[in-house]
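Any chance you can model this:
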Amino acid sequence: MLKSLLHQKEFDIIFTGNYSRLYMYALHLTNDSEISRDIVSDVFSQLWENFSSIDKSTVHAYLTTNVRHKCIDHLRHLIVVSRYSETYLNEAEQFYTDTSDEREQERLIENMLSELPLITRQILEECYLHQHKYSEVAQKMNISPNTVKKHISKALKILRTKFNGEKDITDIPK
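Residues are numbered from 1 along each chain as shown. Next up, the predicted model:
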């Protein structure tokens with residue numbers, strides 16, 4: 001109990017002495033305040049979980065390095081999402097421009113979207129059709145931005161599977 005209280009006080013000192021600096025560092029790297037807060041919170045959470053095994057003389061470097069690595073991971077993830085979205089949208093555009101009947105296009109889109117769970121569909125529509133940021137959708141739906149990202153990934157995976165099936169069906173010579 002006494003050891004836990006000492007760890008708590010020591011952790012509080014480290015937290016208050018480093019949070020602002022780490023947040024500004026993450027913000028500089030990500031250019032997103034919500035993501036920066038999440039990253040810094042995650043790093044402090046890891047610090048707390050491993051507090052007894054961390055060398056307190058190197059805690060400053062430990063925190064800075066972990067924030068940098070999490071920011072890099074976040075940026076890499078954005079690149080992957082961006083590439084995947086571009087590829088999907090380009091393929092979908094090509095597919096739908098090949099279909100001459102507008103009603104058929106609408107039916108195919110509706111059919112593909114109907115494969116999605118309701119909340120996933122709503123999130124996808126907000127992000128892609130209404131061009132809202134993940135953070136805006138998260139706030140509007142009272143969920144975390146990470147939950148929005150997970151739903152977008154899920155939706156794109158389902159749509160890609162469905163899209164490939166629809167394209168294969170229409171490519172069969174009659």
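
Nearest residue to the middle of this protein?
K149 (3.5 Å; C-alpha atoms, centre = their mean).

How much space separates that residue from E34?
12 Å (C-beta to C-beta, to the nearest Å). C-beta: built from backbone N, CA, C; applies to glycine.

Tell me where the chain has strands.
Ranges of strands in the chain, per DSSP state E: none exist.

that older thread, isn't the residue nearest to the centre of the chain up against Y134?
Yes: if you go by C-beta atoms under 8 Å, K149 and Y134 touch, sitting 6.1 Å apart.

which helices and strands does the least confident helix or strand in the chain by mean pLDDT pack with?
Least confident helix or strand of the chain, by mean pLDDT, DSSP states H and E, is helix 102-114 with a mean of 72. Contacts defined by 3 or more C-beta pairs under 8 Å, 6 or more residues apart in numbering; DSSP states H and E place helix 102-114 against helix 59-98, helix 145-170.

Could you dump these into TSV with distance to L27 and mean pLDDT added?
Listed next are these as TSV, based on distance: least, C-beta to C-beta, whole Å; pLDDT from 0 to 100:
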stretch	distance to L27	mean pLDDT
helix 59-98	9	82
helix 145-170	15	75
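
Single out the most deeply packed of those.
Stretch with highest mean neighbour count among the helices and strands packed on helix 102-114: helix 145-170 (a mean of 16; mean count of other C-beta atoms under 10 Å).

quick one on the thing from earlier: closest one to F44 among the helices and strands packed on helix 102-114?
helix 59-98 (7.8 Å; C-beta to C-beta).

Now do that closest one against helix 102-114, angle only.
Comparing the axes of helix 59-98 and helix 102-114 via axes from the mean of the first three to the mean of the last three C-alpha atoms, to 10 degrees yields an angle of 150 degrees.

what separates helix 59-98 from the chain centre, distance-wise?
Here the centre of helix 59-98 is set off from its chain's centre by 8 Å, with C-alpha atoms, centre = their mean, to the nearest Å.

Counting by contacts, list what it packs against.
Going by 3+ C-beta pairs under 8 Å, 6+ apart, helix 59-98 lies up against helix 2-30, helix 33-49, helix 102-114, helix 145-170.

Give the full set of residues in contact with the residue nearest to the centre of the chain.
77, 81, 134 (C-beta atoms under 8 Å, 6 or more residues apart in numbering).
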